[in-house]
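A.B. asks: Just the structure for this:
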Amino acid sequence: MKKIKINTSENDAVVIIGISSTMKDYRLSWFLNKELSLKLFKQKDLDICSDASKKKFSFYVYEESENLISYYFISNRNQESEILLQEQKKIDFFLIIIGTKATTGNLLSKIKNIPNVQTAFLINTNTIKSFSNLMEDIEMHLMEINKIKKTKL
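C.D. replies: Alright, predicted model coming up:
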């Protein structure tokens, strides 16, 4: 089976923004698209297998091909109130930005100005113990999505 890997290299920056908001994922993604000029698109929910159970979390993707930047918007809580990253329990959503030109610029201030966003802040990847596991889960999920797309063609 051909392995698809998230396009990261040693030169790629990985930026994680934690967002606390009372909004539903689809509503916040709409505001993020509008305020940040993104085109986040809802994908199949991200499946996380742990303790013999499968948990599903909302998952949105936008690939900015001209700047080689990928955006992943992921819910930290699912409908059953399970938490994706236990070490970030107070966060409702993550915006993960990967690419050689990935910067925060004025993203944080724009996100903070979205109605019903309580806060948004940068998260150091070194503070998330399971970050590499999360990235592997995202890679596997993207492989599955691409496989499904190819079979539909």
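A.B. asks: I'd like the next helix or strand past the biggest strand by length in the chain.
C.D. replies: When the chain is parsed with DSSP state E, its longest strand is strand 13-21. Following strand 13-21 in sequence order, the next helix or strand is helix 25-36 (DSSP states H and E).
A.B. asks: Please tell me how far that following helix is from the chain's geometric centre.
C.D. replies: From the chain centre to the centre of helix 25-36 is a distance of 13 Å (CA atoms, centre = their mean, to the nearest Å).
A.B. asks: residues making contact with it?
C.D. replies: With CB atoms under 8 Å, 6 or more residues apart in numbering as the test, helix 25-36 has contacts from 19, 21, 23, 38-40, 42, 58, 60, 73, 75, 93, 95, 107, 110-111, 113-115, 117. (C-beta placed from N, C-alpha, C; glycine too.)
A.B. asks: now for the lengthiest helix in the chain, which elements pack on it?
C.D. replies: Assignment by DSSP state H gives helix 131-152 as the longest helix of the chain. Where contact means 3 or more CB pairs under 8 Å, 6 or more residues apart in numbering; DSSP states H and E, helix 131-152 is packed against strand 46-50.
A.B. asks: CA atoms only: put the strand it packs on into PDB for me.
C.D. replies: Taking C-alpha atoms only, strand 46-50 is exported to PDB below (Å, rounded to 0.1, in the frame of the first residue of the first chain):
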ATOM      1  CA  LEU A  46     -11.100  11.900  12.600                       C
ATOM      2  CA  ASP A  47     -11.100   8.400  14.100                       C
ATOM      3  CA  ILE A  48      -8.900   7.900  17.200                       C
ATOM      4  CA  CYS A  49      -8.600   4.400  18.600                       C
ATOM      5  CA  SER A  50      -7.800   4.100  22.200                       C
END
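A.B. asks: For it, which strands pair with it and how are they oriented?
C.D. replies: Strand pairing for strand 46-50, determined by DSSP bridges: strand 53-57 (antiparallel).
A.B. asks: After the partner strand, which helix or strand is next? Please name it.
C.D. replies: Following strand 53-57 in sequence order, the next helix or strand is strand 59-64 (DSSP H and E).
A.B. asks: got the angle between that next one and helix 131-152?
C.D. replies: With axes from the mean of the first three to the mean of the last three CA atoms, to 10 degrees applied, the angle from strand 59-64 to helix 131-152 works out at 80 degrees.
A.B. asks: what angle sits between strand 59-64 and helix 25-36?
C.D. replies: Using the same axes, to 10 degrees: strand 59-64 against helix 25-36 is 20 degrees.
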